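> Requesting a structural model of the entry that follows:
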Amino acid sequence: MNDPKLPPVHERDDLASTAVAASWDHAGQATESRLERLQDYFIQPTAITLLYILGGLLWLLVGDPLSIAWIAGDALVLSPDLPRNMLVLAASGGLLYGLLRVQASTTRRAFQARDRARARAADQQTEERLRQIRTELEMRVQERTAELLAINQALEQQIAARIQVEFALRDSEERFRQLTEHIREVFWIYGLAEERLIYVSPAYEEVWDRSIQALHDRTLDWLDAVHPDDRSRMQTAHANKLETGVLNEEYRIIRPDGTVRWIWDRGFPVRDDSNHVYRIAGLAEDITARKLAEDQLRRQQVELAKMARLSLAVELASNMAHELNQPLAAIVAYTQACVTLLRQDQTDPRILTGTLEEVAHQAMRAGGIIRHLRDLVRKHPTTQIALDLNALIRSVVHYAQSELRLNDTVLRLELTEPLPAVLADDIQIQLVVLYLLRNAIEAMHQTEIGARELTIRTAPAEANTVQVTLRDTGHGLTTEADDRLFQPFFTTKPGGMGLSLSVSRSIIESQGGRLWATPNPDRGAAFHFTLPCSVNPTVPSPSP
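Modelled structure (predicted):
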């Protein structure tokens, strides 16, 4: 590749030759000019000789008195020396002419020799200069050629890299197109400078049941489909999106056929190299199925709460039977004593006042137990209130005393006081505590008597929660049980249904907590659950 600023090599040689020839012509022309000037002024033998002779004759005539007299008008009388002088003058003129001719010839040869020497020196200098110029040109050509080769190689690499980038960009655009055209979510890009939607994926037509062209023609066409109850909120969210570049909203749309769909719309800012937001990209996801599932889950939670209350009532019925028998037996005994005293004619009715008051007290005690059972089985919506977990645990333990005594289990309560109130449903949490308590008792059936210990501990935990731990000294957890412990219908107990732990985890998670199990260092297992703390300091007392 040749340098566009330099002529080709053959043209550079021609230019050098032309410069040498021009120098030669200039030297020849200078020599000829000098010779002509010498010939004009110094080496004209004829003219000089004639001038010499004429001057000599004039001198002879002026110096001769006879000649002066002749000039004055006298008769011409020649001097006897005049011919001889004229002959001498002619001879000297001839001699002068010969000498001048010799001098001119010698001078011409000297000038020519000097010019030839100068010409040879000039030729040598020109040739040397030409060689230097040629060497310099060749070096410059080589350097420039190397530079051009390097530039050409760099350009080839840049072109190859650009081609690869273009191929990668086309491949990326193709993958992006395939991705956006096959995902179920609506992918959209909004240009802030253009003030319009730049791209909307084909899923828009499936979700909104409206054409993409209509959306491009009218950018807010999607907003017209928003449910009237959500439209004002979405208009405000759209305005905020244009200012902050962030969108995260759930709203409903009404399709042309009248069906309603739930949309989860998310947007995030796209920044350029100067960290300036110039576009907003986002995803609009159809979450109708999820909303229906959430509604179904809420209905199931209501039913679960009802089942929990019934299950808790059944679980506590046997334990409450003993508590209920005590006031009933006391009522029967006091009533029989009153009847016996009334049959005596001399009995003062005032004596029976204390007995009847005790009967009323025992009846009210029995009524309280029955009311508690009725509250458990009565259908009411699940509500989260501020609970005192320590009081709730003591209430459950109170009704489980007979089962603890029957299984020779020693109960240790390590309840932190004061304990922050938690936000949860009291009936469901009572059921979870009872399930975990009975599960711990059953896990210690094979433990020798005297070593059966159940520890219930409460303490504040991290992230503004309260943790409850039930620790037993049973056989512990096997590897299989550890992996499948909370799966429905999995049990290690003969005749067990395998629902208590899975139901307990569902209840705890629905209350915003977490339930898990860990093996103890020595023996047995520990079950832990957490519940969020309540911001309301007022804690109602649990039902007895």
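
> number of nearby residues for the closest residue to residue 253 other than its chain neighbours?
In this structure, residue 253 finds its nearest non-sequential neighbour in residue 225, 4.5 Å apart by CB to CB, 6 or more residues apart in numbering. C-beta here means a position set from N, CA and C on the backbone, and glycine is covered the same way. If you count neighbours by other CB atoms under 10 Å, residue 225 ends up with 19.

> So which residues of the stretch 101-250 of the chain form strands?
Using DSSP state E, counting those that start in this stretch, the strands of the stretch 101-250 of the chain run over residues 186-191, 196-200, 247-254.

> Need the residues that contact the longest one.
Spelled out, that is strand 247-254. With contact meaning CB atoms under 8 Å, 6 or more residues apart in numbering, strand 247-254 is reached by 207-208, 222, 225-227, 229-230, 233-234, 237-238, 240-241, 260-267, 280, 282, 287.

> Now intersect these with the helices, please.
Within the contacts of strand 247-254, residues falling in helices by DSSP state H are 207-208, 222, 229-230, 233-234, 237-238, 240-241.

> How confident was the prediction at the residue nearest to residue 253?
For residue 225, the model assigns a pLDDT of 89.

> if I pick it, what's in contact with it?
Contacts for residue 225 (CB under 8 Å, 6+ apart) come out as 208, 210, 253-255.

> Lowest-confidence member of those residues, which is it?
Minimum pLDDT across the contacts of residue 225 falls on residue 210, with 87.

> tally of neighbours for it?
Residue 210: 17 neighbours (other CB under 10 Å).

> tell me the contacts of it?
Residues counted as contacts of residue 210 (CB under 8 Å, 6+ apart) are 204, 221-222, 225, 256.

> Would you show me how to pick out the buried ones of those in ChimeraX?
This is the ChimeraX syntax for the buried subset of the contacts of residue 210, where burial follows 16 or more other CB atoms under 10 Å:
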select :204,221,222,225
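
> now the helices: where do they sit in the stretch 351-500 of the chain?
Ranges of helices within the stretch 351-500 of the chain are 353-377, 389-399, 401-406, 426-443, 479-484, 500-510, based on DSSP state H, counting those that start in this stretch.

> Out of those, flag the one nearest residue 527.
Among the helices of the stretch 351-500 of the chain, the nearest to residue 527 by CB to CB is helix 426-443 (5.1 Å).

> Centre of the chain to the closest one, how far?
Distance of helix 426-443 from the chain centroid (CA atoms, centre = their mean, to the nearest Å) equals 48 Å.

> Among the strands of the stretch 101-250 of the chain, show me which one is buried the most.
Comparing the strands of the stretch 101-250 of the chain by mean neighbour count (mean count of other CB atoms under 10 Å), strand 186-191 comes out on top with a mean of 20.

> Can you tell me the strand partners of it and which way each runs?
In the sheet, strand 186-191 lines up against strand 196-200 (antiparallel), strand 277-286 (antiparallel) (DSSP bridges).

> Report the distance from the first one to the chain centre.
The reference is to strand 196-200. Computed by CA atoms, centre = their mean, the separation of strand 196-200 from the middle of its chain amounts to 21 Å.

> For the stretch 351-500 of the chain, which residues score under the pLDDT cut-off?
351, 362, 365-366, 368-382, 479-484, 486-499 (pLDDT under 70).

> try the stretch 201-350 of the chain
By pLDDT under 70, the low-scoring segments of the stretch 201-350 of the chain are 298, 301-327, 345-350.
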